[in-house]
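# fold the stuff below for me.
(chains A and B)
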Amino acid sequence: MLVTNYLIASAERHPGKNALFYGSRSFTYLELLASSQKIASWLNEFRFDAGFRGAILNDDAFEYISAYFAILLAGGVVVGLNTQTSDAELSHVLDDCGASVLFTANKFNRYLKSALPRCSLLKALVLSGLREELAGLESCVQQDLGELNHCPCTASSPLPRRSSYDFAQIIYTSGTTGKPKGVVLRHANLIANTTSIVSYLQLQPNDKVMAVLPFHYSYGNSVLLTHLAVGGSLVVNQSFLYPNVILQQMVEQEVTGFSGVPSTFAILLSRSALAAYSFPTLRYLTQAGAAMSPELARQLNQAFPTANIYIMYGQTEASARLAYLDPAELVQRPGSIGKSIPGVELTLRDRMGKIVNPGEIGEIVACGENIMAGYWNRPEETREVLRPEGLWTGDLARSDEEGFLYIVSRKSDLIKCGSHRIAPKEIEDVLATHSAVHEAAVIGIPDEILDERIRACVVLRPEADYSVKDLLVHCRKYLPLYKVPHEVVVLEDLPRTTTGKIKKSELRPMEAYL
Amino acid sequence: MQTNEEKIRAFILNNFLFDANEGALANDASFLEQGIIDSTGVLELVEWLEEAFAIKIEDEELIPENLDSVDRLAQFIGKKTS
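Numbers count the residues shown, from 1 in each chain, chains lettered A, B, ... in the order given. Alright, predicted model coming up:
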């Protein structure tokens, strides 16, 4: 079984059904499949090696989904890129994965112009709205996506056969060592996770989800695949800039499902006209990224009385999902992330790998068909987390007598900001390249809406000529907007351990320094 | 004295574009289409608007027609403060 089977089977069963609502447009399963097949045939002409990497930098849902399945149909591996990017991040990821083809749109030209000439492996660029060819890409074929979709092209040679053990997707995620690293997922990993999620959410063809999460993250990717797998529909609006627009769409489209992260629900409850709407068709809400407080659960129950609320836990390394809390347990188990999903076994282990007793804290270790193949070209980091016991998640938790899990903390210092996971080191490395900065330490500080805000603590060089704005401008030059610190604090020194390591724990109660 | 439009431009440039270049922001540029602000940026913007112009923005008013460009914001603030 391959991921492409989801689209092919749903197009056979529901050819004229709308799979996707995006903006004012809608697309049937047959239209999605036809577009994917045309693009796949075109890709096939390049005779790329099996398992070539096809990257997508596009927030147009139809174009993203058709490119996604086209790459898979042509025997490639999908690399969905974060559309909130920077020149440096884009060229790093394209280079790191060795992308042969990039699907993108004109609106990203400001990044493409400087990032692409550095990507020597790129053979083809498919642009939506190509008006003039980009300079500096002489060895790269440039193709307008619209022309491809309108051409009557059919496959001149058969598309390559792939197996479920082959790689299907690489999802880039924050690496603790700084630069984003690619999580490699096989077709079998994605199929196992999709099957499990479909079963516990009891998804049906008549389900229609409001998809606000970007598809390039594993959570958004799982929302996409699960709903296409059952022949359901997606109503896509991933900006979430104006929550009232989303609420209006949910009502008009009579959606049955809605998926978000804690900040999604915090924004809906604190700064939207939620109380003015009712959602009689809404059957399920899903939240991943953190447990839910009893108060938030109460407010959501009140706002969405017909919906079951599923709290979920997972990692990109697990194709998305590892555990969920049955909605019936939400009130009785405040703060719990539930139990393992079907097909996954979770254990809590001490450093030596021994399973701990109920009530004791241990690291969550996961086994199942959904666990990644490894990190792309990073054998050492792969070996650190994929051990004989399973995937060591880096999340510390305890379980109660009945096996319900409660996250206690993370071993790494990744910052959780909205739907993003951000490595402090990446920001610290950028700050350190500013001429005024002697050293920097970046931490997450609690935030009601975002979960955490980014605070940069910097020590300046003697007589440094600087302004906070200079530092932020410098960060934005090399980092996507969401990684730019929300605040900068200047210190005379950073607290250190006796071995000289920066003690970030002492930076957190920063109010003492201000 | 700064006009409302100038104040809004300065806030957007300083907080989201980090760019002193005035030409980097057209007054009719959609924040949504151009990816100038993200969802949490809108919250920061609303908080600033309420404080800077001493107004209360209702949840129902958080729609693109009111907020999605410098022009629209200036018009919205004009109406709220008149």
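# confidence score at residue 3?
No chain was given, so I picked chain A. Here, the pLDDT recorded for A:Val3 equals 98.
# was after chain B, sorry
pLDDT, B:Thr3: 90.
# quick check, A:Ala456 in a strand?
Yes. The assignment for A:Ala456 is a strand, going by DSSP: H, G, I helix; E, B strand; the rest coil.
# okay, and the beta partners of it?
Beta-bridge pairing for A:Ala456 (DSSP bridges): A:Val442, A:Val488.
# can you get me a residue count around it?
Counted with other C-beta atoms under 10 Å in any protein chain shown, the neighbours of A:Ala456 add up to 25. The way it works is simple: take the backbone N, C-alpha and C, and place the C-beta from them, glycine included.
# element containing residue 75, please.
Assuming you mean chain A. Assigned by DSSP states H and E, A:Gly75 belongs to no helix or strand.
# correction: the question concerned chain B.
Using DSSP H and E, B:Gln75 sits in helix B:70-81.
# same for that helix, what does it pack against?
Applying 3 or more C-beta pairs under 8 Å, 6 or more residues apart in numbering or on different chains; DSSP states H and E, one finds that helix B:70-81 contacts helix B:4-12, helix B:64-67.
# which one of those lies closest to A:Pro462?
helix B:4-12 (31.9 Å; C-beta to C-beta).
# okay if I get the helices and strands packed on helix B:70-81 as CSV plus distance to chain A and mean neighbour count?
Formatted as CSV, the helices and strands packed on helix B:70-81 follow (distance: least, C-beta to the nearest C-beta, whole Å; neighbours: other C-beta atoms under 10 Å in any protein chain shown):
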stretch, distance to chain A, mean neighbour count
helix B:4-12, 12, 18
helix B:64-67, 5, 17
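# let me know the next secondary structure element after the helix or strand bottoming out on mean pLDDT in chain B.
Every helix and strand in chain B was compared by mean pLDDT, DSSP states H and E; the lowest is helix B:31-34, with a mean of 86. Counting by DSSP H and E, the next helix or strand C-terminal to helix B:31-34 is helix B:39-52.
# and that following helix, what does it pack onto?
Under the contact criterion of 3+ C-beta pairs under 8 Å, 6+ apart, helix B:39-52 touches helix A:262-270, helix B:4-12, helix B:64-67.
# of those, which is nearest B:Thr81?
helix B:4-12 (7.9 Å).
# give me the distance from that closest one to the chain's centre.
7 Å (C-alpha atoms, centre = their mean, to the nearest Å).
# then stretch A:430-444?
27 Å.
# in it, what counts as buried?
For stretch A:430-444, the neighbour count (16 or more other C-beta atoms under 10 Å in any protein chain shown) marks A:430-431, A:434, A:436-437, A:439-444 as buried.
# among those, which two are most distant?
A:Ala436 and A:Gly444 (23.6 Å).
# ok, back up a step: make a markdown table out of the helices and strands packed on helix B:39-52 and add distance to A:Gly54.
Shown next, in a markdown table, are the helices and strands packed on helix B:39-52 (distance: least, C-beta to C-beta, whole Å):
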| stretch | distance to A:Gly54 |
| --- | --- |
| helix A:262-270 | 29 |
| helix B:4-12 | 36 |
| helix B:64-67 | 33 |
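# list just the one of those helices that sits closest to A:Ser222.
The closest of the helices and strands packed on helix B:39-52 to A:Ser222 is helix A:262-270. By C-beta to C-beta, the value is 15.3 Å.
# now the angle from whatever helix or strand comes next after the closest one to helix A:262-270?
Moving toward the C-terminus from helix A:262-270, the next helix or strand (DSSP H and E) is strand A:284-288. Taking axes from the mean of the first three to the mean of the last three C-alpha atoms, to 10 degrees, strand A:284-288 and helix A:262-270 form an angle of 130 degrees between their directions.
# name the residues of the stretch 351-500 of chain A found near chain B, please.
Within the stretch 351-500 of chain A, the positions adjacent to chain B are A:418, A:449-450, A:469, A:472-473, A:475-476, A:481-482, A:484 by C-beta under 8 Å from any C-beta of the partner chain.
# from the residues you listed, pick the one nearest A:Pro495.
Nearest member of those to A:Pro495, counting by C-beta to C-beta, is A:Cys475, at 22.7 Å.
# OK, contacts around the closest one?
By C-beta atoms under 8 Å, 6 or more residues apart in numbering or on different chains, the residues touching A:Cys475 are A:427, A:430-431, A:456, A:483-485, B:18.
# what do you get for A:Ala50?
A:75, A:160, A:162, A:166.
# at 10 Å instead, please
Contacts for A:Ala50 (C-beta atoms under 10 Å, 6 or more residues apart in numbering or on different chains) come out as A:74-77, A:160-162, A:166-167.
# next one: A:Arg476
Counting by C-beta under 10 Å, 6+ apart, A:Arg476 has contacts A:86, A:430, A:483-484, B:16-19.
# likewise A:Pro280?
Neighbouring residues of A:Pro280 by C-beta under 10 Å, 6+ apart: A:251, A:254, A:305-306.
# A:Leu130 too?
With contacts defined as C-beta under 10 Å, 6+ apart, A:Leu130 is in contact with A:104-106, A:142-147.
# now the buried members of those.
Neighbour-count burial within the contacts of A:Leu130 applies to A:104-105, A:143-145; the criterion is 16+ other C-beta under 10 Å.
# looking at the residues you listed, which is nearest chain B?
A:Ala105 (11.6 Å; C-beta to the nearest C-beta).
# quick one on the thing from earlier: quick one: which two of the residues of the stretch 351-500 of chain A next to chain B are the most distant?
Spatial extent of these (C-beta to C-beta) is set by the pair A:Ile449 and A:Val473 at 25.1 Å.
# helix, strand, or coil at the closest residue to A:Leu116 other than its chain neighbours?
Nearest residue to A:Leu116, sequence neighbours excluded (C-beta to C-beta, 6 or more residues apart in numbering or on different chains): A:Leu137, at 5.8 Å. Three-state call for A:Leu137 (three-state DSSP): coil.
# what's near enough to touch A:Leu137?
A:112-113, A:116-117, A:119, A:122, A:124-125.
# what mean pLDDT does the helix or strand hosting A:Ile407 get?
Assigned by DSSP H and E, A:Ile407 belongs to strand A:405-410. Averaged across strand A:405-410, the pLDDT comes to 89.
# helices or strands up against the following helix or strand past that strand?
Going down the chain from strand A:405-410, the next helix or strand is strand A:415-417, by DSSP H and E. Contact partners of strand A:415-417 among helices and strands, from 3 or more C-beta pairs under 10 Å, 6 or more residues apart in numbering or on different chains; DSSP states H and E: helix A:262-270, strand A:420-422, strand A:437-447, strand A:451-460.
# how about these in JSON lines, adding mean pLDDT?
Below are the helices and strands packed on strand A:415-417 laid out as JSON lines (pLDDT from 0 to 100):
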{"stretch": "helix A:262-270", "mean pLDDT": "89"}
{"stretch": "strand A:420-422", "mean pLDDT": "87"}
{"stretch": "strand A:437-447", "mean pLDDT": "91"}
{"stretch": "strand A:451-460", "mean pLDDT": "91"}
